[in-house]
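> mind looking at a prediction? Sequence and model below.
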Amino acid sequence: MADLATTFAGIRSPNPFWLASAPPTDKAYNVERAFQAGWGGVVWKTLGEDPPVVNVSGPRYGAIHASDRRVIGFNNIELITDRPLQVNLDEIRAVKARWPDRAVVVSLMVPCEEPCWAGILRLVEETGADGVELNFGCPHGMSERGMGAAVGQVPEYVEMVVRWCKTHTRLPVIAKLTPNVTDIRKPAEAALRGGADAVSLINTINSIMGVDLDAMAPSPHTDGLGTHGGYCGAAVRPIALHMTAEIARSPETAGLPISAIGGIESWRDAAEFIALGAGTVQVCTAAMVYGFRIVEEMISGLSGFLDDRRYGSVAAMVGLATPKVTDWNRLNLDYAVKARINQDLCISCGRCHIACEDTSHQAITSAVDGVRRFEVIESECVGCNLCALVCPIADCITMEPLAVGVIDARTGRPVGSGNTWKDRA
Amino acid sequence: MATPDIASRRLAAGALAAGFADLRPPLAPNEARIAAERCLFCFDAPCVTACPTSIDIPLFVRQIATANVEGAARTILDSNILGGMCARVCPTETLCEQACVRAAEERPIEIGRLQRHATDRLMESGIQPYRQGPSTGRSVAVVGAGPAGLACAHALAVAGHAVTIYEARPKLGGLNEYGIAAYKTVDGFAQREVAFVLGVGGINVVHGRRLGAGLTIDELAATHDAVFLAVGLDTVNRLGIEDALDGVVDGVSLIADIRQASDLAAIPIGRRVVVIGGGMTAIDVASQARRLGAEEVTIAYRRAAAQMGASPYEQRLAQTDGVLIRTGVVPRRVIAEGGRVVALEVERPATGERLTLPCDQLFRAIGQAIVADEVAPLAIVSGRIVVDEERRTSRPGVWAGGDCVAGGDDLTVTAVEDGKRAAASIDRALREASGG
């Protein structure tokens, strides 16, 4: 079994699987259970100044369900910790003492005044914690008080606060970024300018999960009124992957350690983030849905994958896919794939046909010689992948590349290499 | 002389009640949602093609999955007004569910149970989604209130024609009420469904009128603008060997007696029972005989299992009930003592071997026929009325459907389709005649 030990911005952990700053890391009881289950680290739920905030006692969470009520999207309107600062500090100290090999990072959010940050950093350092994560991402409640995403959305504030923190602590500083921005590279660059040791992302996305059509109010709602909350869970993973890749491949931020967050449920999800440049991954929703034991699957799956590919370590695969992320304008327009339907696997549901017929390129038959049969018409197929995506059977429809030099039956052009939109203009 | 062992109250009340409880209990809402979410919403779905009434199955299943259960019921009932009963009695494993593309890959969508889920919910809600159409001033006689007659009457009423149903038996429903095993349709569902169908309005029911017993096609044709015959099959085929003996009974009689019984325990059943036949009737008799407490029940069928009218599912059901199905055996002789049946002698034609099957009761379930005199002078073939695609008989102005017509499958669902097609044809004919 491959060793999953990771050093991230100077913080060591036995594996790259950390619990994100969130309800699962709000107190020692939960964190102890997480470490017993095998998590490599935690980011303790965000500490603030006393007196602690007061949370709603109505519903704090909402969800999007897929078939069989599988939770694929999730949101929350919970605030930072609502426990007294000293209680948290005492627990952090005790937990870190009991679990010296695990990463204990403390998330922080205080007003945008240097003394506030200096003060709380001193207290955190005394607990023996391994690092701090600056919460620039919380999109609800705290942002309305000038903290969280209200900071993360202004690169100058990000840079300023990071710089204060680097001035006042010897601990590694991770800036946690909000995705509620137009270009994630800007706050990442600001964090780097301020001296951040790493960034973590994504925090949650502004969202309304649904509307209660009986109450005619957002769902869930608190005493009849609802507000936007932070969206997370598997459904946000593509957004998080994109933002991770943007920071990893941007010349300005390349090499800045990234702790990736956003819809990670399995070893494969984690491996995908690592391949795009993440050094560690953080998980919350999946743990909240399934419990801490999911980390066992993550550990065994990632170890097996590293063994299979002979990478040897997590560090060896960080960013391996990053160079393959590019701009649309650099894509080869003389490359072509054609859908191929494996008739032995096909169950004849016809979803590929109707999807193509109604909404795409009329490139799949519904009958051949009067018999129900679904075949690709190569001269019409643009290789869009829709049929393969709607097919209920894995690997029944595959997208097969045409070899270089072959004439594409649809365009009459030979398949070539390297012809971008500019070459074809 | 052997004393036949035919007795009531063979089982304790609990065992009896368990045996006659709902065979396939309704889906709980959560089960229904999970079952519905498996549907792939196929293009030109094979299940629809396989349904004799062409219910838009992917649509109604999707409506269940999206918590639009009443909409689902409307989708079903628009194509099959007896969708509730069909959900219970259709051999789905040889119709829609056999065609389901997921059957090959894993297991089919539970279309029958989902259909029941939707239709039950609508009927429980008390909503009547249909209303009588604006009056056309035309009247149609429907003879027989079984599935074909009810479906035809309903569609005609929606089209605005005045409908009079003539029914010979005390209750409406035909085989739904008298001819289906009790555990397939419990809690008086057949009558609730009849009430739902009649709830459209504009359907007048005349009880106690039987074709051939004072009621004639000529009289009906004279007093109505069109006639639809859905009289079913009212005579039971004879064995041709010792039919008159005590203990030789029509299978359909036992089925009807069980359905109409106020006290199941009071129904007498033999200790050893033999049923001759291979269709649904044979299965329903044999299984119910076991569930009444008969110790040994044998179905004797002349051909191979694959040729039985009863589906493999039905065959397994009987076998699970402890019924022995003997195939490839031809009845040769009924053995009697003192005017009572004591055994059936059968032969395996392949080998000439003869077997004696001792029995206290011998049930005939080898099919039924129409009484030709009643429907003369209509064209008849193999004891059934000849009809065309639109269910028109050889006599203008007279349509027919259900079990009494030739070429059908003797299923509730095909009878409904007959009624639907006949109603559409009658409506067209009457409107053309009006020049409208």
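Looks like it arrived, so ask away. Numbers count the residues shown, from 1 in each chain, chains lettered A, B, ... in the order given.
> quick check on the residue in the stretch 151-300 of chain A that chain B sits nearest to: phi, psi?
Distances between the stretch 151-300 of chain A and chain B by CB to the nearest CB are smallest at A:Leu213, namely 10.9 Å. (Each C-beta comes from the backbone N, C-alpha and C, glycine too.) Main-chain torsions, A:Leu213, degrees, to the nearest 10: phi -80, psi -10.
> now do it, the pLDDT please.
Looking at A:Leu213, its pLDDT reads 96.
> that one: neighbour count?
The number of residues packed near A:Leu213 is 8, by other CB atoms under 10 Å in any protein chain shown.
> ok, now which ones touch it?
Counting by CB atoms under 8 Å, 6 or more residues apart in numbering or on different chains, A:Leu213 makes contact with nothing.
> how close does it get to B:Gly202?
Distance of A:Leu213 to B:Gly202, computed by CB to CB, to the nearest Å: 36 Å.
> repeat for A:Ala66
From A:Ala66 to B:Gly202 the distance is 46 Å (CB to CB).
> more neighbours, those two?
B:Gly202 (19 against 12).
> for the stretch 151-300 of chain B, just list every one of the strands.
With strands called from DSSP state E, counting those that start in this stretch, the stretch 151-300 of chain B shows them at B:162-167, B:203-207, B:210-211, B:214-215, B:226-229, B:235-236, B:248-250, B:269-270, B:272-276, B:296-301.
> excluding its backbone neighbours, what's nearest A:Phe136?
Distances taken as CB to CB, 6 or more residues apart in numbering or on different chains place A:Gly152 nearest to A:Phe136, at 3.3 Å, with adjacent residues excluded.
> wait, the one you found sits on A:Gly146?
No: using CB atoms under 8 Å, A:Gly152 is not in contact with A:Gly146; the gap is 11.9 Å.
> between these two, who's got more neighbours?
Between A:Gly152 and A:Gly146, counted using other CB under 10 Å, the more crowded position is A:Gly152 (31 against 11).
> hey, which helix or strand in chain A has the poorest pLDDT?
helix A:149-152 (a mean of 92; mean pLDDT, DSSP states H and E).
> scratch that, chain B
Quick look at chain B via mean pLDDT, DSSP H and E: least confident is helix B:372-375, a mean of 78.
> now the helices for chain A?
All helices of chain A, identified by DSSP state H, fall at A:28-37, A:85-98, A:114-125, A:149-152, A:155-168, A:185-194, A:237-249, A:267-275, A:285-290, A:294-309, A:351-359, A:386-390.
> most tightly surrounded among those?
With neighbours taken as mean count of other CB atoms under 10 Å in any protein chain shown, those reach their highest mean count in helix A:149-152, at a mean of 25.
> for chain B, what's its nearest residue on chain A.
For chain A, CB to the nearest CB, closest residue to chain B: A:Gly350, 3.0 Å.
> spatially nearest residue to that residue (excluding sequence neighbours)?
A:Gly350 sits nearest to B:Phe43 (CB to CB, 6+ apart), 3.0 Å away.
> roughly how far apart are the residue of the stretch 151-300 of chain A closest to chain B and A:Ser219?
A:Leu213 sits at a distance of 9 Å from A:Ser219 (criterion: CB to CB).
> doesn't A:Ile184 make contact with A:Asn203?
No: between A:Asn203 and A:Ile184 there is no contact under CB under 8 Å: 11.0 Å.
> what's the overlap in contacts for these two?
The contact sets of A:Asn203 and A:Ile184 overlap at A:Leu177 (CB under 8 Å, 6+ apart).
> wait, A:Arg293 sits on A:Trp39?
No: counting by CB under 8 Å, A:Trp39 is not a contact partner of A:Arg293; they are 10.4 Å apart.
> those two: which has the busier surroundings?
Counted by other CB under 10 Å, A:Arg293 and A:Trp39 do not tie: A:Trp39 has more neighbours, with 28 against 11.
> buried sites along stretch B:128-147?
Applying a neighbour-count criterion of 16 or more other CB atoms under 10 Å in any protein chain shown, the buried positions in stretch B:128-147 are B:130, B:132-133, B:136, B:138-147.
> restricted to helices, list the residues you listed.
Going by DSSP H, the helices hold B:Pro147 from the buried residues of stretch B:128-147.
> now, which of the buried residues of stretch B:128-147 lie within strands?
B:Ser139, B:Val140, B:Ala141, B:Val142, B:Val143 (DSSP state E).
> how is chain B partitioned into domains?
Domain assignment of chain B by automatic domain parsing yields the ranges B:29-125, B:139-233+B:370-433, B:236-368.
> report pLDDT for whichever residue of the stretch 151-300 of chain B sits closest to chain A.
Residue nearest to chain A within the stretch 151-300 of chain B: B:Phe196 (28.2 Å; CB to the nearest CB). Reading off the confidence values, B:Phe196 has pLDDT 98.
> how many neighbours does the closest residue to it other than its chain neighbours have?
The spatially closest residue to B:Phe196, leaving aside those adjacent along the chain, is B:Met123, at 5.6 Å (CB to CB, 6+ apart). By other CB under 10 Å, 19 other residues sit near B:Met123.
> for the stretch 1-150 of chain A, which residues are neighbours of chain B?
Counting by CB under 8 Å from any CB of the partner chain, the residues of the stretch 1-150 of chain A lying close to chain B are A:Ser67, A:Asp68.
> please, where are all the strands along the stretch 1-150 of chain A?
A:6-8, A:11-13, A:17-19, A:41-47, A:61-65, A:71-76, A:103-108, A:131-135.
> quick one on the thing from earlier: so which of the helices of chain A is nearest B:Arg391?
Proximity to B:Arg391 (CB to CB) singles out helix A:351-359 among the helices of chain A, at 33.3 Å.
> mind giving me the packing neighbours of that closest one?
helix A:386-390 (3 or more CB pairs under 8 Å, 6 or more residues apart in numbering or on different chains; DSSP states H and E).
> pLDDT of the helix it packs on, averaged?
In the prediction, helix A:386-390 has an average pLDDT of 98.
> identify the residues contacting that helix?
Under CB under 8 Å, 6+ apart, the answer for helix A:386-390 is A:339, A:341, A:351-352, A:355-356, A:359-360, A:364, A:376, A:397-399.
> ok, now with 7 Å
A:Ala339, A:Arg351, A:Cys352, A:Ala355, A:Cys356, A:Ser360, A:Ile364, A:Ile397, A:Thr398, A:Met399 (CB atoms under 7 Å, 6 or more residues apart in numbering or on different chains).
> kindly reformat those residues as JSON lines containing pLDDT.
Formatted as JSON lines, those follow (pLDDT from 0 to 100):
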{"residue": "A:Ala339", "pLDDT": "98"}
{"residue": "A:Arg351", "pLDDT": "98"}
{"residue": "A:Cys352", "pLDDT": "98"}
{"residue": "A:Ala355", "pLDDT": "98"}
{"residue": "A:Cys356", "pLDDT": "98"}
{"residue": "A:Ser360", "pLDDT": "96"}
{"residue": "A:Ile364", "pLDDT": "98"}
{"residue": "A:Ile397", "pLDDT": "98"}
{"residue": "A:Thr398", "pLDDT": "98"}
{"residue": "A:Met399", "pLDDT": "98"}
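> among the residues you listed, which two are most distant?
Based on CB to CB, the longest span within the contacts of helix A:386-390 runs between A:Ser360 and A:Thr398 and measures 17.2 Å.
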